[in-house]
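# Below: sequence and its predicted model.
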Amino acid sequence: MKKSNTLFYLLIMVACLLTGCYSNRQIGLLQERDGIPTYDSVPYEPYRLHVNDEIIYRIITMDETISKAMNAGQQQAYSQYATSYRIYSDGTVDLPFLPPIKMVGLTEREAQDTLCAYLRQIIPDADVKLALYNKYFTVLGDLGSGRYKIYKERMTIFQALAMTGDVHNSGDRKHVRIVRPNGNEPPEVLEFDIRSKSIIDSKYYYIYPNDLIYVSREPGAFYKVPSYSSFIGLITSSVALLVSVLNYIPNVNF
């Protein structure tokens with residue numbers, strides 16, 4: 001009986017050592033404490049058009065005939081059915097009735113003003129509404145997977161994660177990565193600890209079109225349970241199983 005008790009308590013200790021729960025220190029956001037990195041605040045930079053980006057536009061003019069001709073295919077502007085125009089490898093875009101226009105490196109507002117300047121050479125009262133068509137970001141890893149639309153200019157990392165359902169408890173919040181296209185250069189990989197409060201207004205705070213957000217699984221996630229109630233349940237079920245085994249196999253020799 002003494003050996004059985006020893007084995008019983010030994011199994012309890014092993015279960016406790018191999019099992020843990022997620023605490024606020026591990027998964028809580030906006031933390032300020034030792035062990036959490038601090039990031040510098042940087043000014044917001046608007047997104048600049050890259051090669052292979054697609055734009056949509058609509059021309060506004062008092063001349064209905066010109067408006068219908070120039071806006072052919074743009075009646076559903078800003079919708080999934082609009083005709084989009086891709087920026088080629090030389091940085092230009094081909095639009096109907098216009099010469100190639102260089103747009104790579106411009107913000108949406110700058111691209112809109114540039115297109116408007118070209119149009120006013122042939123349509124004096126022309127005004128333009130232009131937008132980036134491929135305003136999406138992608139998520140992978142321990143927060144699910146999918147492609148989501150950027151619905152505002154300054155979308156934050158927290159708003160983006162809220163759209164995906166947040167990072168799972170088993171996700172490695174210390175090493176969240178954003179893979180960001182960099183034109184014709186290799187993509188930029190930004191790695192940060194999303195638990196830090198100083199992430200606000202840092203270079204990691206805003207999400208840009210074509211960003212890929214990746215969260216890997218925490219190395220010790222296999223041995224953890226989501227909550228203390230789950231932990232107690234696991235211990236209780238383990239003890240019950242062991243007691244049942246000892247009761248129904250009385251002739252076991254240890």
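Perfect, thanks for sending it. Numbering: from 1, shown residues only.

# and the closest residue to P37 other than its chain neighbours, what are its phi and psi?
Excluding its sequence neighbours, the residue lying closest to P37 (Cβ to Cβ, 6 or more residues apart in numbering) is D193, at 5.2 Å. Just so you know, the C-beta spots here come from the backbone N, C-alpha and C atoms, and that holds for glycine as well. Comment: the main-chain dihedrals of D193 come out as phi -100, psi 110, following degrees, to the nearest 10.

# Do I have it right that D193 meets I36?
Yes. If you go by Cβ atoms under 8 Å, D193 and I36 touch, sitting 6.4 Å apart.

# For the nearest residue to D63 once chain neighbours are set aside, grab the count of nearby residues.
Closest residue to D63 in three dimensions, ignoring its sequence neighbours and counting by Cβ to Cβ, 6+ apart: I123, at 7.2 Å. When neighbours are defined as other Cβ atoms under 10 Å, I123 has 19 of them.

# pretty sure I123 is in contact with I59, am I right?
Yes. Proximity of I123 to I59 meets the contact threshold set by Cβ under 8 Å, at 7.4 Å.

# show me what contacts the residue nearest to P37?
D193 is in contact with I36, P37, R173, K174, H175, V176, I199, counting by Cβ atoms under 8 Å, 6 or more residues apart in numbering.

# are any of those residues buried, and which?
With burial judged by 16 or more other Cβ atoms under 10 Å, the buried subset of those is I36, R173, K174, V176, I199.

# Name all residues that make contact with the second one.
Think R173. Contacts were defined as Cβ under 8 Å, 6+ apart; by that measure R173 touches Q26, I27, V167, D193, I194, R195, V215, E218.

# Let me know the closest of those residues to Q112.
Within the contacts of R173, proximity to Q112 (Cβ to Cβ) peaks at I194, which comes in at 33.7 Å.

# ok but that closest one is inside a helix, no?
No. Assessed with DSSP: H, G, I helix; E, B strand; the rest coil, I194 is coil; it does not lie in a helix.

# Does it touch G28 like I think?
No. When contacts are counted by Cβ under 8 Å, I194 is not listed as touching G28 (10.4 Å).

# And the two? Which one has more around it.
The residue with more neighbours, out of I194 and G28 and counting by other Cβ under 10 Å, is I194; that gives 22 against 13.
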